[in-house]
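**Q** Sequence first, then the predicted structure:
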Amino acid sequence: MSQIEILKNYILTEDLIKDVSDIDFLFPSYEYDSSKSLEELINNVIEWGFNNDKLEVFYTEHWGELLNSDNLTLIQRCKIEDTPYVTTFDLYRYNSKNKYYYSIESCGVYEDSFETGYYYTILENQDDDWVIKNFKNDCIDIHNCHGDIVEVASSKELDDIEFNIVVQIPKMTEKTQKLPKWFIKGGGVCYSHGEKVTNFLSNNSIYLTKVELSMYNYIRESQSIAYKTDDKKIIKNFNKAVGWFKKTNFEAYMVLLD
């Protein structure tokens, strides 16, 4: 399946464009035939946006949802350790027909060092090597308080900053994630969108899908009750919830619950 077809299917599945007002907002220069069905309009406008390099606003508006799709490629990760804190910066790439968009997702005490509300850079040609080189230099500057100790950084290998070349592996997406029957039958609250969640003890954050967020909030709300009650059903469901969350997203479990 082509990238544009993957994008179309994801938009329709996740209901990212709900009506024509979304099309007007995300693609203001697109002229559409209002007599066509919404699905036809979505397929047409995404194809038009891809071929005419007009997906910039769409990508920005739906960055959080797209993080859990197959439309983004994670090409470089940086981890900075400043005991007891850890900050991670993830460099992503996605594209339209002739443009390549590079964006950064950050978590931790230095997360505001990069402007993550917009693109790290936009290129007319894919040039991962050039972007990764600049990304690494920026990470080192952040680690060195923006250049205050550059000589130390250049004279030896830093032992508290780590770069990983990422080999992207298929991850469980919202499309494949499902809440267990006991959660739904028990009246668990199902959220319509995912969001970034912060562990206020460590100040580390991570993005959760809507399914993960539903279970995480269930765990947080039932935690104090489970520790105080002798009700076996409550304790059993709490333990099942923690087990489900750990199995579904181990990284999020380590950041938020471990």
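**A** Great, that's in hand.

**Q** So what does Asn95 look like in phi/psi?
**A** Backbone geometry at Asn95, expressed as degrees, to the nearest 10, gives phi -150, psi 160.

**Q** quick one: contacts for it?
**A** Neighbouring residues of Asn95 by CB atoms under 8 Å, 6 or more residues apart in numbering: 3, 101, 126. Placement of C-beta: from N, CA and C, glycine included.

**Q** Could you check how far the residue nearest the centre of the chain is from Ala252?
**A** The centroid of the chain falls nearest to Leu67 when counting by CA atoms, centre = their mean (3.4 Å). From Leu67 over to Ala252 the distance is 12 Å, taken as CB to CB, to the nearest Å.

**Q** Quick check: the closest residue in space to Tyr120 that isn't next to it in sequence vs Leu91, distance?
**A** Leaving aside its sequence neighbours, Tyr120 sits nearest to Tyr102 (CB to CB, 6 or more residues apart in numbering; 4.5 Å). Per CB to CB, Tyr102 is found 6 Å from Leu91.

**Q** Gln223 too?
**A** 35 Å.

**Q** more crowded one of the two?
**A** Set side by side, Gln223 and Leu91 show more neighbours around Leu91, with 25 against 14, by other CB atoms under 10 Å.

**Q** Contacts only, for the more buried one.
**A** By CB under 8 Å, 6+ apart, the contact set of Leu91 is 74-78, 102-104, 120, 131-132, 135.

**Q** And those residues, which is closest to Glu39?
**A** Ser103 (27.9 Å; CB to CB).

**Q** is it true that that closest one touches Tyr92?
**A** Yes - between Ser103 and Tyr92 a contact is recorded at 5.2 Å, counting by CB atoms under 8 Å.

**Q** Which one of the two is surrounded by more residues?
**A** Ser103 (24 against 21).

**Q** In a helix, that one, correct?
**A** No - per DSSP: H, G, I helix; E, B strand; the rest coil, Ser103 lies outside any helix segment and is strand.

**Q** and the gap between it and Tyr10?
**A** For Ser103, the distance to Tyr10 (CB to CB) stands at 17 Å.

**Q** Isn't Asp138 up against Phe114?
**A** Yes - Asp138 is within contact range of Phe114, at 7.2 Å (criterion: CB under 8 Å).

**Q** Next, show the common contact partners of these two.
**A** Common contacts of Asp138 and Phe114 (CB under 8 Å, 6+ apart): none found.

**Q** lowest-pLDDT helix or strand in the protein?
**A** Lowest mean confidence among the helices and strands of the chain (mean pLDDT, DSSP states H and E): helix 150-155, at a mean of 32.

**Q** Give me the buried positions along stretch 13-24.
**A** 14, 16-17, 22-23 (16 or more other CB atoms under 10 Å).

**Q** Tabulate those residues (CSV), appending pLDDT, secondary structure and distance to Phe58.
**A** Shown next, in CSV, are these (pLDDT from 0 to 100; DSSP: H, G, I helix; E, B strand; the rest coil; distance: CB to CB, whole Å):
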residue, pLDDT, secondary structure, distance to Phe58
Glu14, 88, helix, 13
Leu16, 92, coil, 8
Ile17, 93, coil, 9
Asp22, 94, helix, 9
Ile23, 94, helix, 10
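
**Q** Just give the closest residue to Asn71, not the sequence neighbours.
**A** Asn71 sits nearest to Leu7 (CB to CB, 6+ apart), 5.3 Å away.
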